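K.L.:
Need a 3D model of the following:
(one chain, ligands or ions: 1)
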Amino acid sequence: MKSIRTDIGYQECINVACRARFDVAEPLFECPTCGDLLDVRYDWSQAVLPKRLNDFEAKWAVPGDPLAFSGVWQYHELLPFAPPQNVITVGEGKTVFQQADRVAPYARMNVGRLFLQYEGMNPSGSFKDNGMTAAFTHAHLVGATRAVCASTGNTSASVAMYAAVDGRIPAIVLVGSGKIAYGKLAQALDYGVRVVEVEGDFDTCMRRVKEVAKELGIYLMNSLNPFRLEGQKTIMYRVIEGLLWDVPEWVVVPGGNLGNSSAFGKAFQELREMGLISRLPRLAVIVAEGADTLYRIVNQERLAWNDGRVDDARIAAFYDQMDAENRRAKTVASAIEINRPVNLKKCLRSLEWTGGLVEKVSDQEILDAKARIGAGGFGCEPASAATVAGVRKLRDAGVIDADDRVVCVLTGHPLKDPNITVAYHTLDDEVIAEKYGAYGFTKAPHANRPVRVADDLDAIVAAIQA
Ligand code: F0G
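P.N.:
The predicted model follows:
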């Protein structure tokens, strides 16, 4: 074992009735005592912390600091479970935070108040790399020899990339057959991991992957793994950094398996506990109408974290009802086509800590917003666009103020799912309605249609001048 920081870190069950503690050196993805989710926690009095957040800048100014190479590990003081010399990094997290004045009007925000955090700029093209660098680092420290994940695509691409770069922990990825966008599948195949296409959807894969991890003793890379979420906290540190160490009024994130929303709440709560920030932003988690478990649980069932006393029986009854009605997630945003988000309870906790809320948007709203985000630069995949669509809706409802500072986290790169983008911009509305009507996607008002012309100069000039 390579000196994992057992002096500072430990794992703790989130269930207030359990609160069992475990060593950080144990590879766990659920509480061995009660089966609930685990947190990585720290004895901050043992850690070396900056006095103010902008002290980080002086540290980064030291030439040649290998940790400053990574947008995650440049904040290693805030996730101090690994000795700095042992981190496994590919330079993840060097992403773009941008004031998006060309997208702000679409989101009905005042100019200067909408910001986009482009996590698609990560090496494997999604925010997952923030978490995977932390999980791979932990896997090494605990002597893992193989890694496995279930995925709607991006997790598999990220796991595959780290496995390929590192070369010491071969990986296996489980994906629902026909349920993964081509850009993501292409990555997993190209990086050379074993891709197992399971008959079924993401939820099937998620259930199976836990069994596989236990049966074969393979290290689990899904966001059930609390070390993944430690890495994803840094997305929020970079948002604060982008605002010159200030906290926005809103952070808006798409909700799928709810790892990000869980990690973001923890990031802010810890910073407040350390006295490094004085207030938390409000978290808005946006789900697809066709994959709305969280929306129903929060806004209809009125279930809440309730200071740690979550009503588990009602959550179980909710899922029983879902199965009885044979309700299955269905959205063009395949990244978030999930029925049973594994981090549900941690997300409820983040919502309580931040005074957060949940909104849902249709696939039509998602794809329209995606076209406008793309036209504003960089772009994103469908799931990410739920954020801007959500802001527009929350503005119309008067929940968000046009002058609030709102940060949307764009979780994945536009090239992850080129098929739906090309369909949006090239197909006639009737064809769209025929092909995608079942998703509620029927027209493309923001399409940028290619102009088809003959091999003829006059025709080409006419097309350009039109
Ligand atoms: N956006 C993208 C692009 C994603 O790939 C995912 C999740 C989410 C949002 C949802 O994030 O789970 O933290 O709420 N993708 C997972 C995967 C499930 O397997 O790649 P979350």
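K.L.:
mind exporting the lengthiest helix in the chain as PDB, just the C-alpha atoms?
P.N.:
Longest helix of the chain, by residue count under DSSP state H: helix 226-242. Presented in PDB, the C-alpha positions along helix 226-242 are these (Å, rounded to 0.1, in the frame of the first residue of the first chain):
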ATOM      1  CA  PRO A 226     -17.100   8.200  -3.100                       C
ATOM      2  CA  PHE A 227     -13.600   8.900  -4.300                       C
ATOM      3  CA  ARG A 228     -15.000   9.800  -7.800                       C
ATOM      4  CA  LEU A 229     -17.100  12.500  -6.200                       C
ATOM      5  CA  GLU A 230     -14.000  14.000  -4.500                       C
ATOM      6  CA  GLY A 231     -12.500  14.800  -7.900                       C
ATOM      7  CA  GLN A 232     -15.800  16.200  -9.200                       C
ATOM      8  CA  LYS A 233     -15.900  18.700  -6.300                       C
ATOM      9  CA  THR A 234     -13.100  20.600  -8.100                       C
ATOM     10  CA  ILE A 235     -15.500  21.600 -10.900                       C
ATOM     11  CA  MET A 236     -17.000  24.000  -8.400                       C
ATOM     12  CA  TYR A 237     -13.600  25.200  -7.200                       C
ATOM     13  CA  ARG A 238     -12.900  26.200 -10.800                       C
ATOM     14  CA  VAL A 239     -16.300  28.000 -11.000                       C
ATOM     15  CA  ILE A 240     -15.400  30.100  -8.000                       C
ATOM     16  CA  GLU A 241     -11.900  30.700  -9.400                       C
ATOM     17  CA  GLY A 242     -13.600  31.800 -12.700                       C
END
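K.L.:
What mean pLDDT does that helix get?
P.N.:
The average pLDDT for helix 226-242 rounds to 98.
K.L.:
ditto for stretch 74-89
P.N.:
When pLDDT is averaged along stretch 74-89, the result is 95.
K.L.:
Show me how far it is from its chain's centre.
P.N.:
Computed by CA atoms, centre = their mean, to the nearest Å, the chain-centroid distance of stretch 74-89 equals 20 Å.
K.L.:
Quick check: buried residues in that stretch?
P.N.:
By 16 or more other CB atoms under 10 Å, the buried positions in stretch 74-89 come out as 74-82, 87-89. C-beta: built from backbone N, CA, C; applies to glycine.
K.L.:
neighbours of residue 57, just the number please.
P.N.:
12 (other CB atoms under 10 Å).
K.L.:
Relative to residue 68, how far out is it?
P.N.:
Look at residue 57 and residue 68: by CB to CB, to the nearest Å, they are 11 Å apart.
K.L.:
and residue 18, what does it touch?
P.N.:
Listed by CB atoms under 8 Å, 6 or more residues apart in numbering, the contact set of residue 18 reads 31, 33-34, 36.
K.L.:
which one of these is nearest the ligand?
P.N.:
Nearest to the ligand, judged by CB to the nearest ligand atom, of these is residue 36 at 18.2 Å.
K.L.:
Excluding chain neighbours, give the residue nearest to the closest one in space.
P.N.:
Distances taken as CB to CB, 6 or more residues apart in numbering place residue 15 nearest to residue 36, at 4.1 Å, with adjacent residues excluded.
K.L.:
Let me know the secondary structure of the residue lying closest to residue 25 once chain neighbours are set aside.
P.N.:
Taking CB to CB, 6+ apart, and ignoring the residues beside it in sequence, residue 25 has residue 4 as its nearest neighbour in space, at 5.0 Å. Assigned by DSSP: H, G, I helix; E, B strand; the rest coil, the conformation of residue 4 is coil.
K.L.:
Report the contact partners of residue 4.
P.N.:
Contacts for residue 4 (CB under 8 Å, 6+ apart) come out as 24-25, 81-83, 138, 141-142.
K.L.:
Please report how far it lies from the ligand.
P.N.:
The span separating residue 4 from the ligand equals 25 Å under the rule CB to the nearest ligand atom, to the nearest Å.
K.L.:
for residue 108, same thing?
P.N.:
As for residue 108, its distance to the ligand is 23 Å (criterion: CB to the nearest ligand atom).
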